[in-house]
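J.: task: produce atomic coordinates for the following.
(chains A, B, C, D, E and F)
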There are 6 protein chains.
Amino acid sequence: MKKEFDLLALGELMLRLSPPDNERITRGETLGKQAGGAELNAITGAAMLGLRCGIISKLPANDLGTYIKNRVRLCGVSDDYLVYDQDKDARLGVYYYESGAYPRKPRIVYDRKNTSVNKLTTADYDESLYEAARCFHTSGITLALSPQLRETAIEMIRRFKEKGAIISFDVNFRGNLWTGAEAKECIERILPYVDIFFCSEDTARLTFLKEGSIREIMKSFTQDYPISIVASTQRVVHSPKRHTFGSIIYSAKDDIYFEEPPYADIEVVDRIGSGDAYISGVLYGLLSKEGDYQRALEYGNATSSLKNTIPGDLLSTDLKEIDGIIREHKSTGRVTEMDR
Amino acid sequence: MKKEFDLLALGELMLRLSPPDNERITRGETLGKQAGGAELNAITGAAMLGLRCGIISKLPANDLGTYIKNRVRLCGVSDDYLVYDQDKDARLGVYYYESGAYPRKPRIVYDRKNTSVNKLTTADYDESLYEAARCFHTSGITLALSPQLRETAIEMIRRFKEKGAIISFDVNFRGNLWTGAEAKECIERILPYVDIFFCSEDTARLTFLKEGSIREIMKSFTQDYPISIVASTQRVVHSPKRHTFGSIIYSAKDDIYFEEPPYADIEVVDRIGSGDAYISGVLYGLLSKEGDYQRALEYGNATSSLKNTIPGDLLSTDLKEIDGIIREHKSTGRVTEMDR
Amino acid sequence: MKKEFDLLALGELMLRLSPPDNERITRGETLGKQAGGAELNAITGAAMLGLRCGIISKLPANDLGTYIKNRVRLCGVSDDYLVYDQDKDARLGVYYYESGAYPRKPRIVYDRKNTSVNKLTTADYDESLYEAARCFHTSGITLALSPQLRETAIEMIRRFKEKGAIISFDVNFRGNLWTGAEAKECIERILPYVDIFFCSEDTARLTFLKEGSIREIMKSFTQDYPISIVASTQRVVHSPKRHTFGSIIYSAKDDIYFEEPPYADIEVVDRIGSGDAYISGVLYGLLSKEGDYQRALEYGNATSSLKNTIPGDLLSTDLKEIDGIIREHKSTGRVTEMDR
Amino acid sequence: MKKEFDLLALGELMLRLSPPDNERITRGETLGKQAGGAELNAITGAAMLGLRCGIISKLPANDLGTYIKNRVRLCGVSDDYLVYDQDKDARLGVYYYESGAYPRKPRIVYDRKNTSVNKLTTADYDESLYEAARCFHTSGITLALSPQLRETAIEMIRRFKEKGAIISFDVNFRGNLWTGAEAKECIERILPYVDIFFCSEDTARLTFLKEGSIREIMKSFTQDYPISIVASTQRVVHSPKRHTFGSIIYSAKDDIYFEEPPYADIEVVDRIGSGDAYISGVLYGLLSKEGDYQRALEYGNATSSLKNTIPGDLLSTDLKEIDGIIREHKSTGRVTEMDR
Amino acid sequence: MKKEFDLLALGELMLRLSPPDNERITRGETLGKQAGGAELNAITGAAMLGLRCGIISKLPANDLGTYIKNRVRLCGVSDDYLVYDQDKDARLGVYYYESGAYPRKPRIVYDRKNTSVNKLTTADYDESLYEAARCFHTSGITLALSPQLRETAIEMIRRFKEKGAIISFDVNFRGNLWTGAEAKECIERILPYVDIFFCSEDTARLTFLKEGSIREIMKSFTQDYPISIVASTQRVVHSPKRHTFGSIIYSAKDDIYFEEPPYADIEVVDRIGSGDAYISGVLYGLLSKEGDYQRALEYGNATSSLKNTIPGDLLSTDLKEIDGIIREHKSTGRVTEMDR
Amino acid sequence: MKKEFDLLALGELMLRLSPPDNERITRGETLGKQAGGAELNAITGAAMLGLRCGIISKLPANDLGTYIKNRVRLCGVSDDYLVYDQDKDARLGVYYYESGAYPRKPRIVYDRKNTSVNKLTTADYDESLYEAARCFHTSGITLALSPQLRETAIEMIRRFKEKGAIISFDVNFRGNLWTGAEAKECIERILPYVDIFFCSEDTARLTFLKEGSIREIMKSFTQDYPISIVASTQRVVHSPKRHTFGSIIYSAKDDIYFEEPPYADIEVVDRIGSGDAYISGVLYGLLSKEGDYQRALEYGNATSSLKNTIPGDLLSTDLKEIDGIIREHKSTGRVTEMDR
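T.: Numbers count the residues shown, from 1 in each chain, chains lettered A, B, ... in the order given. Sure, this is the predicted structure:
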């Protein structure tokens, strides 16, 4: 029986405010206004590539909540599972982001305490939710935001798993939300449920205290837990405006590592959400053509690389553009200079 | 002995974010970024007219706090009494404001719970603070924000009074912060200390349950409490873009009411802060020329009327411009079309 | 059996480009970019008030088509019935609009020849379309654009009617698209199918050559054709920035006229789409509470009046705001100055 | 023999810098950049209506001079008689303008001392200049800027007159450039050469110390000097955003006064240059149809009224638009709401 | 006898609309508005360097046509040969351009079908046109737009040639307008008239099916046809933001190839029009100093390289700046960091 | 006895106007508005790092003067020693700056003749000024502006020296203000008073006609004059958007040279003021920790490098950010990608 959604994700939806161009948060007269949030970023990209996606979250029942809801819709992501917080103290998380230029670093100020998403519980949905999706995705940020949201997230993972959904999880460790030890302990509770596991090399070493080569580390997760796929990104930050990006995917069943040459010297416009866009591409690949890990890796790398060139957290692309980028990345012959 | 400041005020400093022109909070891609807050608005205007002013408040020790500090400085208001909240959850209050056009109303979304100013206590300052100013000003908003801040405010009122400062208080009732009954009870605790009392007719009737004519009401406050001056503004909102503004001042000692013809058909650009600007003008008048209530009224009305034409919460003017507006308001002859 | 949509509309979707503020099309360096189109405007408003709405149209399969599709989604209108023109010469209609200020008139330059919507045919949909909606709406603009689109529209009207949908039609006469005589002849072909008929007094007189009072004219339509409801708007253009707006609704079955005092001195920000917004309100009223024509009229008037204050063709509001505007319009007591 | 130009004007070309919307010169982060200058304003309008026009002036040979030259060209005004100042201290006049909103007045800060135009002499041109135009126009501002430029201007007036050109002169008294007495003395030196004389009632009374009714005053100029036409504008400034504008023209030969009802309640966007636009219209009228003073008056009034609604010093219009405005101004029947 | 113009060009004038910065056509709220078109781009640059230039084209008689006319004038290009299309369906070509950043490609959406320029015929001008210019330029785009315009262009080439003008032709092959075979056939019809032939290496190989080295290819054109000069640009696209640009010029009479080291690592701001700017420089060189091909090459390379750094299709420069760039390009010593 | 200021500087305060992004001065519709001036730039940076700073200058008593005063305050620099020019011809210096992109050079147009600062004299202050600061800083620009200002500057240097202040001087040679010979002669008059001497290698060679290695040159200044510290910056301009920056400091007493690896491939956003920012860092270092020249050098290099990434003349940073940049510059291990 066909499920209504290919992919549902749980996470906080935030307002992102950014000074224009190279202006600073401490100065200036305007802020760009955008929507973002790790899981939303990930499924928005997947929706643009063609998956049927929806977001599970709680928004304040005010004009800011309406703004976010409308951005979700604009991206082609379903808002069927957005619920609203009618409390007087309902609030939307906000973050302020300014971009960098060597030697100046990008900066973020978070203002996401006590936000409405933390009140989300399984009581907000009926049981049909868990049968609605082929795949459920969330990240370590959701686990870290508050004890209440953590319990909701873990319970949702359990129920989706029970109803046969593939569980996708991105560690996305943030030292400003919890310690490595807290993260490790909590994530180890959910790893028994996870099918697709996104974890960078640094996080594997620093948070999970893994040792050895990146390939050994990736494999070890699948030995400790019934994880099918481990995906690990490798970003080289030459400067805030120039990155190189590649990744490795490991399939436990086949015991094979998949790789391709990285995208070198990406001309970074906005780096935020490019890690999430990697997930968009990989999940699109895995859910649209089961078992073709090399293709999933290529979609992940191309989608992430492209995201770096798009302003805001959220991707804006379509399958045709990504296919073109992949084709050129693999090409050795003449390529056209522009898409006319 | 000359005190260092003419006027110190206690209040929350906020970030104001507004969509451009007639855009809505629920749409659009940019927000204008400004600083505001009732008491800051009031003393900023007073500083521009020539008083030596400073603000007492607590800001988060992050880039947003720095932004606000710099705006305070820009306005010529001293930041000597700004203290900083180093906590991880330190946060700045934010409000979103969109303007109206008949029949569309202006709208505000507040996001000011748990902000750093609520952690301000008398322990943040040494006793010299209370001797530093000729006049201390605060408003009902400060009392309403939280029980902790209310206690700090009341204690500061007491100490300033004790050191000989004139106490200025603006009721500024906000139904979204507390009930009328709560406000009445709390404000009656501080009225014994108040010298200059700002209270609109509506608030007097609805919150303090006063009856009779506005003149009777104003006088009654001075009969119940040792208040010297009661000032009451009268705004007629023809539409969001057209207001008429006037006021009455009552001097208890002289038992005299001061008035002038209102400013009719003000071309409103940004109405926020115009009530606070009235306080700027009146306090400037009272503190620069003691006992000349008619002049204080004229400064109050002119400064408030002008504020309606200036974008943002904060005034931008100088004494020369206000004097010119007053002169023309009283003039019956030829007036020039522009200031060349 | 509940139908999937309350309201489906057929019409051209256009890109609107406008110089900022009071700039002219002949000058300037930027253009504001918005989506519009008479029928889209009408159902967007209805969707914001709570109806389940979708748009039937054909877009070019290029970036501009994607832009429009995303705006449709953002407004909460379904894009299920948008089809795409893959031809090399596929194009989106564009119009350029500049606003006025007395004595300067607003100006429009159209560039809507040979656009993709004119290729739309009934073959683009299967028969289930006609059972999907409680009400089908289109306007005289759609009939006027090209002979092909006219035939498609008339055939759709027939099929929707056959499947039991209420047929709503707005004359919306445009002298730059066809002559009054052409319009009259064509529209008289479809009036036998129409249930709800929107026609202004001017159009009734000049296009349909009606005589007598507006009330007599409205009634006469229902005598000539099996029309249930005739709605006629009355706009007084004091200047490009100040309008007064009211309307009359006539119910043939009850032989009753419904009216209320007009909204006077509306502070016009963007007049485009305010006629369409009237339809939003009336259809919302009629479809949400059958037979309550006074309420439908009030929704029509309030929604249209509000639209004048919102930039762009498309409304941005919700039921709560419109209910508040209606309440204040009927109120004689104190009203609040802003929505906090 | 047909002359190459209908109209040549002598005057300073300036850079105008204005804060956006209602922002103040003392604040804000951007300034709008425009070209202006009384005589340029006047002939730009005349060029847009169809006269062949050119400007006589001296610009600095730097990027700012290039900017101004390009704006002149854009408006369809010839730059054949622009000469360039190669000196190291060459400079362009600049003025800063902020708009008003009652009770806030518009403000101007001038920075036009020692500008390149003051170095302009008759040596910059050969004698053919004076035969190139049917009409030569300048204003009192040019006379007031410096003694050198005054001598150049007076000499040019003499030479153009000698070669048969009609001499048009606008008093345009500016109290910040010279005193009334200085102006009177200087202008009386040139009045013997003037054919078309623009002088407002206020200036006639305050500068030329005229008494009596405005009609008597206008006539008196033609009695004292061989002036053919006196035109006098009448502006009522209700507020910075609302003006009423009309004028009177007196023909000495016919001893007739021409008038029409004023344009009432103009929705002012940018008032600067509207007096100059009056000259555009009147000169267009007089030079395109000799002797039809009523028509010239109508062009003057319509062009000036329209200018108030156009941002910047310089008009942007064409004959068709002005004809439409005149037609509607005289109409008593139905008028269309917009130009589609 | 001196001709009135150094250079006249025939081509379509278009409105270019671009999202700001790195925004996408599918998103965003504003579009930058500019004028462009291959032949206009080429002669605008030549005019800025000092040639007397004019454009031959047909514009719609509406506000967009006026916009383009004004931009032409602003650039110092004569609009004497612009004619206007009064038809109701008159339209201006539009294209939408978004810039790239590796791995995202620049994108263009064209909307240029059925535009007014296609109605241009030789009947729009009298015969004096063909004697008015020393050189006539057009491009393969003009030939490709429609059969009617192609015939007009070929006829104009013939007539200009007959009257002694140098014929300059840029292949500018666009695969979205016609096939390589169509282009080859058509262009071979006009090559007998061409004196200066611009053709890139790729186009020579792919469209004209030439083989051998670039030098051999260039020479072969002059062997097949009476072409005097062949110029071929060589652009290396390292990424959308970094190009290297050089060229070769071949003089048939002298049988000499002219070259210089390329401009390496150009910091590309807007690449559109840089090929046309090459033509600006070369034609300036050839027409200002006959026979100095090395100098023409240097002007071509410098002007094209500079264009990459200027936003929009149209250059903005002057001879002094280009001379400075050439001087530094050839210099091996100290160069100043900025032009003060 | 503690002095009130760590650092006072004398210099001209200017309005800087810049076209947005890569636009040209000769085009475009807006200019960014900023404050600047070599000495202000230098002490603003020092104030942000923690020194108590004030500026000595004269501003016009108009809205532009107010704008500058407010920017000074915003930066945390004292305006106690700003005096105002009430003359009718009072004016503020202005400069227009556009940025470059290879091969296009940045460009500056100055308009700073006859500005109010040139009227500044020692009579504007009482003698207490000279005792108020630990260090006094000025630059060669101030000496070059006019003979009057030069005398004021030299006299102030003498008096500050007499009262025990450290004298800091930056040659900052500008060929558009004076010749090398003039500069040499004048500066040699003040070198006997200078303690800290900033002079680039180029200037030393071209202006002071020094020969030998840069180290020899630096030392030679301390041999000719009683200078304690010579600091010399070394900027490599790879392109307008990419610089490398380093410096050398020489301590005469210790006869030691201090250096560190330069900041390579700085991603330049706005290069103006980066030389002044070097002075900010060095003076902060020297005045906050006497004798630690290596630390002063590191502060100078980091502050200058950061400035290149901040729009406008004026820095925006704090000690924490600069300390972080220094730490990473010296680090060889993992560094974080952004400041969260």
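
J.: what strand or helix carries residue A:321?
T.: Assigned by DSSP states H and E, residue A:321 belongs to helix A:319-330.

J.: how about that helix, which residues are buried there?
T.: Using 16 or more other CB atoms under 10 Å in any protein chain shown as the test for burial, helix A:319-330 gives A:321, A:322, A:324, A:325, A:326, A:329. In short, each C-beta sits where N, CA and C put it, glycine included.

J.: which residue is the nearest non-sequential neighbour of the first one?
T.: Counting by CB to CB, 6 or more residues apart in numbering or on different chains, the nearest residue to residue A:321 once its immediate chain neighbours are dropped is residue A:306, at 7.3 Å.

J.: now do the fourth one
T.: With sequence-adjacent residues excluded and distances taken as CB to CB, 6+ apart, residue A:325 is closest to residue A:302, at 4.5 Å.

J.: repeat for the second one
T.: The shortest distance from residue A:322 to any residue that is not its chain neighbour, by CB to CB, 6+ apart, is 5.2 Å, and that residue is residue A:302.

J.: now the residue nearest to residue A:212 when sequence neighbours are not counted, what are its backbone angles?
T.: Leaving out its chain neighbours, the residue that sits closest to residue A:212 by CB to CB, 6+ apart is residue A:220, at 7.4 Å. According to degrees, to the nearest 10, the main-chain angles of residue A:220 amount to phi -60, psi -30.

J.: give me the neighbour count for residue A:220.
T.: 16 (other CB atoms under 10 Å in any protein chain shown).

J.: and residue A:160, by the same measure?
T.: 25.

J.: what's near enough to touch it?
T.: Residues near residue A:160 by CB atoms under 8 Å, 6 or more residues apart in numbering or on different chains: A:8, A:130, A:133, A:136, A:167.

J.: ok so the second one is a helix residue?
T.: Yes - Residue A:130 sits within a helix when classified using DSSP: H, G, I helix; E, B strand; the rest coil.

J.: so the helix or strand where the residue nearest to residue A:322 lies versus helix A:319-330, what angle?
T.: Assigned by DSSP H and E, residue A:302 belongs to helix A:293-307. Orientation note: helix A:293-307 sits at an angle of 100 degrees relative to helix A:319-330 (axes from the mean of the first three to the mean of the last three CA atoms, to 10 degrees).

J.: off-centre distance for helix A:293-307?
T.: In terms of CA atoms, centre = their mean, to the nearest Å, the centre of helix A:293-307 is set 13 Å apart from its chain centre.

J.: that helix packs against which elements?
T.: helix A:38-49, strand A:229-239, strand A:242-251, strand A:256-258, strand A:263-267, helix A:274-288, helix A:319-330 (3 or more CB pairs under 8 Å, 6 or more residues apart in numbering or on different chains; DSSP states H and E).

J.: now render these as JSON lines, adding mean pLDDT.
T.: Shown next, in JSON lines, are these (pLDDT from 0 to 100):
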{"stretch": "helix A:38-49", "mean pLDDT": "98"}
{"stretch": "strand A:229-239", "mean pLDDT": "96"}
{"stretch": "strand A:242-251", "mean pLDDT": "98"}
{"stretch": "strand A:256-258", "mean pLDDT": "98"}
{"stretch": "strand A:263-267", "mean pLDDT": "98"}
{"stretch": "helix A:274-288", "mean pLDDT": "98"}
{"stretch": "helix A:319-330", "mean pLDDT": "97"}
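
J.: what is residue A:235 paired to in the beta sheet?
T.: Residue A:235 has the following beta-bridge partners by DSSP bridges: residue A:245.

J.: pull the number of nearby residues for it.
T.: Neighbour tally, residue A:235, other CB under 10 Å: 21.

J.: quick check, it in contact with residue A:242.
T.: No - if you go by CB atoms under 8 Å, residue A:235 and residue A:242 don't touch, sitting 11.4 Å apart.

J.: pretty sure residue A:313 sits against residue A:39.
T.: No - the criterion here is CB under 8 Å, and residue A:313 misses it with residue A:39 at 11.1 Å.

J.: so what sits against both of those two?
T.: Joint contacts of residue A:313 and residue A:39 (CB under 8 Å, 6+ apart) are residue A:276.

J.: who are the packing partners of the helix holding residue A:321?
T.: Looks like helix A:319-330 contacts helix A:38-49, helix A:293-307 (3+ CB pairs under 8 Å, 6+ apart).

J.: what average pLDDT does the helix holding residue A:302 get?
T.: For helix A:293-307, the mean per-residue pLDDT is 98.
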